[in-house]
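1. this one's structure only:
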């Protein structure tokens, strides 16, 4: 069934606000999504009625808080089809989750001469940690290139795997710039056949489409609650046998079983990776966000976004000064291979100026390199403007964006 966007938008208090006297058109959900009443209410309830530290207290408030916190962990596990809630590690954000893998698994398993494979479309959070690990260890960092159409050049992967030096392949399930959905399941199959692990960045994919970590063949996946209608908290999922064998990332309270003067023993997973007091209300809020998205239906969300993005690509193609990143030769002809985000630039107009003028029309877009400088380097531009779509956007929002871009040309065009 098509999404009732008007009804969904009604669930988000922020859309009651006018910007410059105009209806808010929020097209920056790839950076962070807006929050529905259900999530705000769940967090308020936690703070007002049963807030206490988790896993430690024997009194009623602490037991209620712990139950709500762990119930959210179970919801999150089911949302991505994780086999075991104990495989869900609560972290601050996806960036911390990816760094956890690099510092805990990577420092132990990557050695001089090994190869780390990533893609040209990676967010810096799934690039810089591996880059720095390679520099520390004397390992090689190799890239799967992106073609003019924004597709991964998968023919480049087998040679990188052939000599057995590859230990890990890190890839995004959805590009935060291109909106492209690379064939990560195929990447995982090729990597595993060569004995390499697969680390997936699910920050853009998990909020927008059904994600099944088992079906995708991931070994680790990180994603962020704040991009999926939830608060500022992150999730790292990892196969339990891998997490069991990894050393802690941070040390302190709650991640220990026993501490003596000269040694310590670690708690079970996932708790050995959750040092200190966690973001209790935020995790509970993420559980509410999962309920909210499940009630809409992830298949319906994905189909809706494909329709909106296809319409946006068609409308932007009407503007002669606009160029969509990853829409060159070899571009996807099937709109199912794109979702969520469209990045573009305009001849002779800086993306920051585009964003500033769009704001006068209450249209919110991102401008910059979107934490993906190597991808912009590959396309030969320093920055782009990005419109990203979610459950509260529709074709009318695209029309407002296009009309606002006409205003950009009128003001700054030469």
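-> Happy to help now that I have it. What you see is a predicted model; the values in this text were computed from it and never measured. Numbering: from 1, shown residues only.

2. do you know how far residue 42 is from residue 35?
-> Separation of residue 42 from residue 35 (C-beta to C-beta, to the nearest Å): 10 Å. Yep, even glycine has a C-beta here, placed from its N, CA and C like the rest.

3. Sorry, wrong one. I was asking about residue 156.
-> In terms of C-beta to C-beta, residue 156 sits 40 Å off from residue 35.

4. Same check on residue 349?
-> Taking C-beta to C-beta, one finds residue 349 at 32 Å from residue 35.

5. try residue 340
-> Separation of residue 340 from residue 35 (C-beta to C-beta): 18 Å.

6. out of the two, which sits in the busier spot?
-> residue 340 (29 against 21; other C-beta atoms under 10 Å).

7. backbone phi and psi for that one, please?
-> phi 80, psi -40 (degrees, to the nearest 10).

8. which residues does it contact?
-> Residue 340 is in contact with 29-30, 174, 179, 204, 208, 305, 309, 388-390, counting by C-beta atoms under 8 Å, 6 or more residues apart in numbering.

9. Residue 143: what secondary structure?
-> strand (DSSP: H, G, I helix; E, B strand; the rest coil).

10. Which strand residues bridge it?
-> When bridges are called by DSSP bridges, residue 143 pairs up with residue 118.

11. Do I have it right that it meets residue 116?
-> No: in this structure residue 143 lies outside contact range of residue 116 using C-beta atoms under 8 Å: 10.0 Å.

12. between these two, which one's more packed in?
-> Shown here are residue 143 and residue 116; by other C-beta under 10 Å, residue 116 has more neighbours (25 against 18).

13. Surely the more buried one is in a strand?
-> Yes: remark: residue 116 belongs to a strand, assigned using three-state DSSP.

14. ok, now how distant is it from residue 141?
-> 5 Å.

15. Now the common contact residues for the two.
-> Taking C-beta under 8 Å, 6+ apart as the criterion, residue 116 and residue 141 both touch 130, 134.

16. Quick check: which ranges of the chain have low pLDDT?
-> For the chain, the stretches with pLDDT under 70 are 328-336, 414.

17. Report back the residue of it that's furthest from centre.
-> The outermost residue of the chain, judged against the average C-alpha position, is residue 261 (40.9 Å), by C-alpha atoms, centre = their mean.

18. Check which helix or strand that one maps to.
-> Secondary structure assignment for residue 261, by DSSP states H and E: no helix or strand.

19. From residue 267, how far off is it?
-> 19 Å.

20. what does residue 344 give?
-> Taken as C-beta to C-beta, the span from residue 344 to residue 267 is 48 Å.

21. Those two: which is more packed in?
-> residue 344 (23 against 17).

22. what's the domain layout of this structure?
-> Listed domain ranges for the chain are 5-28+297-412, 41-293 (source: automatic domain parsing).

23. what about the strands in the stretch 201-350 of the chain?
-> With strands called from DSSP state E, counting those that start in this stretch, the stretch 201-350 of the chain shows them at 220-224, 234-238, 256-259, 264-266, 322-324, 341-346.

24. Within the sheet, what are the partner strands of the fourth one, with directions?
-> Right, strand 264-266. strand 256-259 (antiparallel).

25. residues in contact with the partner strand?
-> 264-268, 272.

26. Drop anything exposed from those residues.
-> 267, 272 (16 or more other C-beta atoms under 10 Å).

27. got the contacts of strand 256-259 as TSV, with distance to residue 81 columns?
-> Formatted as TSV, those follow (distance: C-beta to C-beta, whole Å):
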residue	distance to residue 81
264	34
265	32
266	27
267	25
268	22
272	23
